[in-house]
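Novice: Quick one: sequence and predicted model below, then my questions.
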Amino acid sequence: MQGTDFPPLKNDLILRAARGLETEHAPVWVMRQAGRYLPEFREVRASHEFFEVCRTPDLAMEVTLQPIRRYTGLLDASIIFSDILVVPQAMGMEVEMNPGPHFPDPLNTPGDISKLSPSVDVNKELKYVFDAITQTRKGLNGDVPLIGFCGAPWTLFSYMVEGGGTKTFQKSKTWLFKYPEESKKLLLRISDVCVDFLVGQAKAGAQLLQVFDSWAGELSPFDFSEFALPSLQGISSGVRSKLAAEGIPVPPLILFAKGANHALPLLAEQGGYDVLGIDWCIDPVEARRLVGDKVALQGNMDPNVLYGGKDAIERTVERMCEAFRKDRGSKGWICNLGHGITPGVDTEDLRWFLECVHKYSRN
Ligand SMILES: Cc1c2[nH]c(c1CCC(=O)O)Cc1[nH]c(c(CCC(=O)O)c1C)Cc1[nH]c(c(CCC(=O)O)c1C)Cc1[nH]c(c(C)c1CCC(=O)O)C2
């Protein structure tokens, strides 16, 4: 599938911002914008299981388009409806969503690695994601670009080892510190699947690619460099070289290493990504100082401000816009929350957030 087969793009703000260029206002999208805070999403979920929605291109397209339709003209990107856990599934693991992720048979010791598929053909295992992307890109009719994504190896590793969410990271840390060499091998093996998966998404029509390292902040700076960084670099360099080898333009690459703000200088220098996402625990002025002009930034309002009412939202957005735009106008900033939107948010409060971003980030 080649780009020329798709409707022409009418809004390229996020593509320009990702390349560090000027935009009329900051492009804005919201992590988890297709999700349970939307009544129309809950309605689809009432009659379809979570992974059924992911695996059915018609349904995945429908929920991907829901926020774009509801907030017409206010969102500057869409993100394909899927989950980071489709990669462990493709590697041969069973994953349930009830309501959070649960792996009935997690990787308890390095011996369990042999249970994973020896090689993963993403074109077979994850074809449904590629089909959903191609179909959704057509369905968007060029209104906004479509983002593809995957989970980062460290975050996926922790789910595969813990068997679900965790507060302590006891099992994943046991692996890192007791079996460091086996851990590194597993991380790189996950990274190889992520490369093929992102390459496939770009070929299917994804116009930007984001890597979610949701648990990056659980690692010390040393352990982040030791364990997470090589696999993140493996993804950026692998995606770039494989697409280049096929003569396909490389879409902007975004890395959201949540909580790893200490690593911003290192990632800007050596990560190989065009955009770095930041959470709300770092001031945007400081983040910009740390990365210089090397990358664009994405973020970073605390999603819980959306529970604070219209005044709090407006004041926070105004402050955020001022900080990201300090001394550089609108160059190289993609506005987002500092993590995913949560299920209890009022849909009109999100609309107000988006309107405030348009108002306060305008040149
Ligand atoms: C860690 C992680 C996961 N999934 C994802 C991450 C990384 C981002 C982050 O840190 O939030 C990424 C993700 N998950 C989902 C998307 C869709 C695209 C979007 O709108 O952003 C994306 C980009 C849908 C989803 N993935 C999930 C839901 C909610 C489940 C439902 O529909 O019942 C959605 C809309 C389920 C999910 N999936 C995952 C968890 C922990 C949960 C349960 C927690 C929760 O309920 O929010 C794993």
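Specialist: Here it is on my side, so go on.

Novice: check contacts around the nearest residue to residue 115 once chain neighbours are set aside.
Specialist: Nearest residue to residue 115 in three dimensions, chain neighbours excluded: residue 92, at 6.7 Å (C-beta to C-beta, 6 or more residues apart in numbering). Any C-beta I mention is one placed from the backbone N, CA and C, and that applies to glycine too. Contact partners of residue 92, counting by C-beta atoms under 8 Å, 6 or more residues apart in numbering, are 115-117, 120.

Novice: Could you rerun that using 10 Å?
Specialist: Residues near residue 92 by C-beta atoms under 10 Å, 6 or more residues apart in numbering: 105, 115-118, 120, 125.

Novice: again, but for residue 96
Specialist: Counting by C-beta under 10 Å, 6+ apart, residue 96 touches 49-51, 85, 102-104, 164.

Novice: same check, this time on residue 68
Specialist: Counting by C-beta under 10 Å, 6+ apart, residue 68 touches 29, 33-34, 74-78, 136, 139-140, 143-144, 146.

Novice: confidence score at it?
Specialist: If you check residue 68, the pLDDT there is 98.

Novice: next structured bit after the helix or strand where it lies?
Specialist: Assigned by DSSP states H and E, residue 68 falls within helix 57-70. Next along the chain after helix 57-70, taking DSSP H and E as the criterion, comes strand 78-79.

Novice: what does the stretch 251-363 of the chain have sitting close to the ligand?
Specialist: Within the stretch 251-363 of the chain, the residues that sit near the ligand (C-beta under 6 Å from any ligand atom) are residue 340.

Novice: Now do the helices in the stretch 251-363 of the chain.
Specialist: Under the criterion DSSP state H, counting those that start in this stretch, the stretch 251-363 of the chain contains helices at 264-270, 284-291, 309-325, 347-360.

Novice: Including mean neighbour count, distance to residue 69 and mean pLDDT, could those go into CSV?
Specialist: Shown next, in CSV, are these (neighbours: other C-beta atoms under 10 Å; distance: least, C-beta to C-beta, whole Å; pLDDT from 0 to 100):
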stretch, mean neighbour count, distance to residue 69, mean pLDDT
helix 264-270, 18, 35, 98
helix 284-291, 18, 30, 98
helix 309-325, 17, 22, 98
helix 347-360, 18, 12, 98
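
Novice: still on that earlier bit, just the buried ones out of the contacts of residue 96, please.
Specialist: Among those, those classed as buried by neighbour count (16 or more other C-beta atoms under 10 Å) are 50-51, 85, 103, 164.

Novice: What about the ligand: which of the residues you listed touch it?
Specialist: Among those, the ligand is touched by 50, 85 when using C-beta under 6 Å from any ligand atom.

Novice: Now render the buried ones among the contacts of residue 96 as CSV, adding secondary structure and pLDDT.
Specialist: Formatted as CSV, these follow (DSSP: H, G, I helix; E, B strand; the rest coil; pLDDT from 0 to 100):
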residue, secondary structure, pLDDT
50, helix, 98
51, helix, 98
85, coil, 98
103, coil, 98
164, strand, 97
